[in-house]
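# Just a sequence and a predicted model for now, questions to come.
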Amino acid sequence: MSVRVLYREKEREMEPGISMTDAVKAFDKKLARKAIVARIDGKLVDMNTPITQDVDIEILTADTPEGLEILRHSTSHIMAAAVKRLFPDVQVTIGPSIENGFYYDFDRDEPFTPEDLPKIEKEIKKIIKENHSFEKQILTVDDAIKMFRDMGETYKVELIEDLVKNEKVETVSVYKSGDFVDLCRGPHIPSTSKIKSYKLLDVAGAYWRGDEKNKMLQRIYGTAFNNKEELDQHLKNLAEAKRRDHRKLGKELDLFSFQDDGGPGLAYWHPNGGLIRHIIETFWKEEHLKREYDLVYTPHIARAHLWETSGHLDFYRENMYSPLEIDGQEYILKPMNCPFHILIYKTKIHSYRDLPLRWAELGTVYRYERSGVLHGLLRVRGFTQDDAHIFCTPDQLKEEMINCVKFAIFIIESFGFSEYDIFLATRPVKFAGTSQEWDTAEDTLRKALNEQELPFTIDEGGAVFYGPKIDIKLKDALGRHWQGPTIQFDFNLSKKFDVNYIGADGQEHRCFMVHRALMGSLERFFGCLVEHYGGAFPAWLSPVQVMVLPIADRHIEYADQVAKQLKNENFRAKVDKRREKTGFKIREAQIQKVPYMLIIGDNEIEEQKIAVRERKQGDLGAMDIHRLIDILRERVEKKN
RNA sequence: GCCGGGAUAGCUCAGAGGUAGAGCAGCUCACUCGUAAUGAGCAGGUCAAGAGUUCGACUCUCUUUCCCGGCUCCA
């Protein structure tokens, strides 16, 4: 008796029961050493698994996404083993791999401190050196429960009991590496020695099962990579992200602030940030007008009654501020703009000939956010949405969706985001409308995306209760993901407000309504932009596009002349007239990330030229001012 | 909201149960200077706020506010 092992189209007869590792060794020794996990019939299996029947093996190393994920998952187990050795009183809970790393949650009365991390890292190193293999065992549920109960691991017992309840399992798998045993579905790396490059990063509190009603556990975050270079690169990226933190840059570039006296989550836009916002808003408005949107403006507060009609007081109450009393009437600060746009719509009877109506507003809304979630400009309590509502007939929906998606992509590409992922979020468990309505709407959205040949992912059940939506997630210069444009279909509000139009048949019909925000909120989008550009805004957005630097006082007159000429061409130019050395002035302009610096000295005056320094390219040498104007014009035009 | 860590000059940060320190920025003066920091001098603080312990608190304790890392939630 033997089994046939197929590997990369080569085939060998082998002893039944031989491990994957040993089998692969016969084909490729080097690869067997690097193997993290095997894939057989599309399923990932441990390298330690014995082969009992004919197989076609595919080997995954830590170079592959799947291999890396398993390496990280296994590293989290080893970290748990190390923690158990150092702190025998802890209980282990769960420890998955996550994007860029892993974590493990422990139940321990005393929190871990950052000082514990090096100690744990050292213990991990020891365990790796001891080279324990990961051995999988299948236990009956009863045996497993008994084992974990004897070990005092009550969370594991709870997990198993839930598996029995929810998935009706009769057996569970546990992995043993050295003296550490953990409940785990696997698969895992063959042995601890496969872990080469890892680092523990952070400690934090986290609720058991992510539910704030449960006990707070102590989480340790870490990461692992295929090799030291990749780990170092990752750590470098983390440091770069820190350098680009919009809160830090916001202060350095004097863009915005938050005021203790003003209250948390309420942003103050300083002149520099304000100017950039103005440019963004102007661009936004012009592009909307080009696309036959109308601009509307609505108040910040409305009677509580309106929010009752809209349903916000039912489903959004915990995010809304308490009512203000005005003349004995209750008013509430708006958390959304939609009811206001509907009120404008309802000032008239609309014919199907009027539709679609596209109404856009930079609408400032206020939402109560729990204190712990506020985060710079990315999560605030008062913000301006670049909102729009489209009222249309069912027939028009698809085209409106197509236009929204096109518009969204145009906007994000204008801000230098060339990579993005599109998601179609479908019906959640709780929803307004009928399943039939949802099916039709989802189908329309799907068609809209398909017709433009845009690849997208279905986010099953990811929609809000009132309708399916298309979300676009941006990838920034550091490869991080950001929530971008969102285009949401709404079954709910048009019903609540009875939003209708008169059709060709003379009858009233219910409007279709689409909410959409392309940037989301100006605050969040701006925070994201700051990080994406690392504060070095492209010329069209830079508060100061050109800093003119006269070398000595006698050069000021010409410098002023140059600045004036640039201003006449609608560029933002300033002259640094301080009696400082040129190097000093350059340094300051450079730190302020001004795109162009013009050095003006005797030579320039004599030749009637300017010496141009670009913030990234450095010294570009002397040129005629018209040459610079052409360059600037082109950069502003191209938004790069 | 919860767990943990913070708050010292405009900024970045050091310090410590006996009354506060640096660098940068600011102001003044000198230097008129060529591609990332000229030098000197001056000024700058209710050590987040309130209460308590103490002969004495910026330091220890408590409360509050705000910030940071997470959890949950989200534009």
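All right, it came through fine.

# show me the contacts for the closest residue to A:L357 other than its chain neighbours.
Distances taken as CB to CB, 6 or more residues apart in numbering place A:F391 nearest to A:L357, at 4.6 Å, with adjacent residues excluded. Where C-beta positions appear, they are placed from N, C-alpha and C, glycine not excepted. For A:F391, the contacting residues are A:345, A:350, A:355-357, A:359, A:499, A:501, A:511-513, by CB atoms under 8 Å, 6 or more residues apart in numbering.

# so which helix or strand takes in A:F391?
strand A:382-392 (DSSP states H and E).

# What are the buried residues along that strand?
A:382-392 (16 or more other CB atoms under 10 Å).

# is RNA strand B contacted by the helix or strand that it is followed by?
Once the chain leaves strand A:382-392, the next helix or strand it forms, by DSSP H and E, is helix A:397-414. No. For helix A:397-414, no contact with RNA strand B is found by CB under 7 Å from any atom of the strand; the gap never falls below 12.1 Å.

# Starting from whatever helix or strand comes next after helix A:397-414, tell me which strands it pairs with and how they run.
Using DSSP H and E, the helix or strand that follows helix A:397-414 in sequence is strand A:419-425. When pairing is defined by DSSP bridges, strand A:419-425 lines up against strand A:456-459 (parallel), strand A:469-475 (antiparallel).

# got the CA coordinates for strand A:419-425 in PDB?
Provided in PDB are the C-alpha atoms of strand A:419-425 (Å, rounded to 0.1, in the frame of the first residue of the first chain):
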ATOM      1  CA  GLU A 419      -6.400  53.200  -5.800                       C
ATOM      2  CA  TYR A 420      -9.800  52.400  -4.300                       C
ATOM      3  CA  ASP A 421     -12.100  49.500  -3.800                       C
ATOM      4  CA  ILE A 422     -15.800  49.500  -4.400                       C
ATOM      5  CA  PHE A 423     -18.300  47.700  -2.200                       C
ATOM      6  CA  LEU A 424     -22.000  47.000  -2.700                       C
ATOM      7  CA  ALA A 425     -23.600  46.700   0.700                       C
END
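
# which residues are contacting it?
A:405, A:409, A:412, A:442, A:445-446, A:449, A:454-459, A:461-464, A:468-475, A:481, A:484.

# interface residues of the stretch 101-250 of chain A facing RNA strand B?
Proximity of the stretch 101-250 of chain A to RNA strand B, by CB under 7 Å from any atom of the strand, involves residues A:111, A:113, A:202-207, A:210-212, A:216, A:218-219, A:245, A:247.

# Contact partners for the nearest residue to A:I36 once chain neighbours are set aside?
Sequence neighbours aside, A:G67 is the residue nearest to A:I36 in space, at 3.9 Å (criterion: CB to CB, 6+ apart). Contacts for A:G67 were tallied using CB under 8 Å, 6+ apart; they are A:36-37, A:60-61, A:226.

# mind checking pLDDT for A:M1?
Listed pLDDT for A:M1 reads 69.

# Among the contacts of A:F391, which ones are in helices?
Residues of these located in helices (DSSP state H): A:Y345.

# what's the burial count for the residue lying closest to A:P335 once chain neighbours are set aside?
Computed as CB to CB, 6+ apart, the closest residue to A:P335 that is not its neighbour in sequence is A:R367, at 4.7 Å. Using other CB atoms under 10 Å, A:R367 has 19 neighbouring residues.

# Could you check how far A:R367 is from RNA strand B?
Separation of A:R367 from RNA strand B (CB to the nearest atom of the strand, to the nearest Å): 6 Å.

# Also A:P271?
A:P271 is 15 Å from RNA strand B, by CB to the nearest atom of the strand.

# Look through the stretch 401-550 of chain A and state the residue closest to RNA strand B.
Of the residues in the stretch 401-550 of chain A, the one nearest RNA strand B is A:G520, at a distance of 2.2 Å by CB to the nearest atom of the strand.

# Over to that residue. Which of the three states is it?
Classification of A:G520 using DSSP: H, G, I helix; E, B strand; the rest coil returns strand.

# Quick check: nearest residue in space to it, chain neighbours excluded?
Nearest residue to A:G520 in three dimensions, chain neighbours excluded: A:Q483, at 6.2 Å (CB to CB, 6+ apart).

# tell me the contacts of that neighbour?
A:Q483 neighbours (CB under 8 Å, 6+ apart): A:471, A:473-474, A:520, A:524.

# Any chance of CSV for these, columns neighbour count?
Formatted as CSV, those follow (neighbours: other CB atoms under 10 Å):
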residue, neighbour count
A:D471, 21
A:K473, 17
A:L474, 22
A:G520, 19
A:R524, 22
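
# Tabulate the residues you listed in TSV, adding columns for pLDDT.
Shown next, in TSV, are the contacts of A:Q483 (pLDDT from 0 to 100):
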residue	pLDDT
A:D471	95
A:K473	94
A:L474	94
A:G520	94
A:R524	96
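
# RNA strand B contacts on the stretch 251-400 of chain A?
A:251, A:258, A:260, A:263-265, A:367, A:369-376, A:379-381, A:383, A:385.

# picking that back up, identify each buried residue in the one helix or strand the residue nearest to A:G520 maps to, please.
Per DSSP H and E: A:Q483 is located in strand A:481-490. Going by neighbour count (16+ other CB under 10 Å), the buried part of strand A:481-490 is A:482-490.

# Can you give me every residue that contacts A:A563?
Listed by CB under 8 Å, 6+ apart, the contact set of A:A563 reads A:546, A:548, A:573-575.

# which ones among these come in contact with RNA strand B?
By CB under 7 Å from any atom of the strand, no member of those lies near RNA strand B.

# Among the residues you listed, name the ones in strands.
Among these, the members falling in strands (DSSP state E) are A:546, A:548, A:573-575.

# Tell me which two of those residues sit farthest apart.
A:V546 and A:V575 (9.5 Å; CB to CB).

# Those two: which has the busier surroundings?
A:V546 (26 against 20).

# Correct me if wrong: that one contacts A:I600.
No. If you go by CB atoms under 8 Å, A:V546 and A:I600 don't touch, sitting 11.5 Å apart.

# Tell me the backbone dihedrals of the residue of the stretch 251-400 of chain A found nearest RNA strand B, please.
When scored by CB to the nearest atom of the strand, the stretch 251-400 of chain A has A:G372 as its residue closest to RNA strand B, at 2.0 Å. Dihedral angles of A:G372 (phi, psi; degrees, to the nearest 10) stand at phi -70, psi -10.

# How many residues are close by it?
A:G372 has 6 neighbours, counted by other CB under 10 Å.

# With A:T52 instead?
10.

# Now do it, the pLDDT please.
pLDDT for A:T52: 81.

# what do you get for A:E212?
83.

# SS state for it?
coil.

# show me the contacts for A:L449.
Residues A:405, A:422, A:424, A:456, A:470 are the ones in contact with A:L449 under the rule CB under 8 Å, 6+ apart.

# Spatially nearest residue to the last one (excluding sequence neighbours)?
It stands for A:I470. Distances taken as CB to CB, 6+ apart place A:I487 nearest to A:I470, at 4.5 Å, with adjacent residues excluded.

# so the one you found makes contact with A:K469?
Yes. Between A:I487 and A:K469 there is a contact under CB under 8 Å: 6.1 Å.

# Could you point out which residue ranges in chain A have low pLDDT?
Along chain A, segments meeting pLDDT under 70 span A:1.

# rewinding a little: just the buried residues of the contacts of strand A:419-425.
A:405, A:409, A:412, A:442, A:445-446, A:449, A:454, A:456, A:462-464, A:468-475, A:484.

# related to what we said a few turns ago, ok, the residue nearest to A:I470 - contacts?
Listed by CB under 8 Å, 6+ apart, the contact partners of A:I487 are A:401, A:404-405, A:408, A:469-471, A:514-516.

# list the contacts for the closest residue to A:M147 other than its chain neighbours?
Excluding the flanking residues, the one nearest A:M147 by CB to CB, 6+ apart is A:L139, at 6.9 Å. By CB under 8 Å, 6+ apart, the residues touching A:L139 are A:147, A:171-174.

# and A:L139, what are its bridge partners?
Bridge pairing for A:L139 (DSSP bridges) gives the partners A:V172.

# No further queries at this time; thank you.
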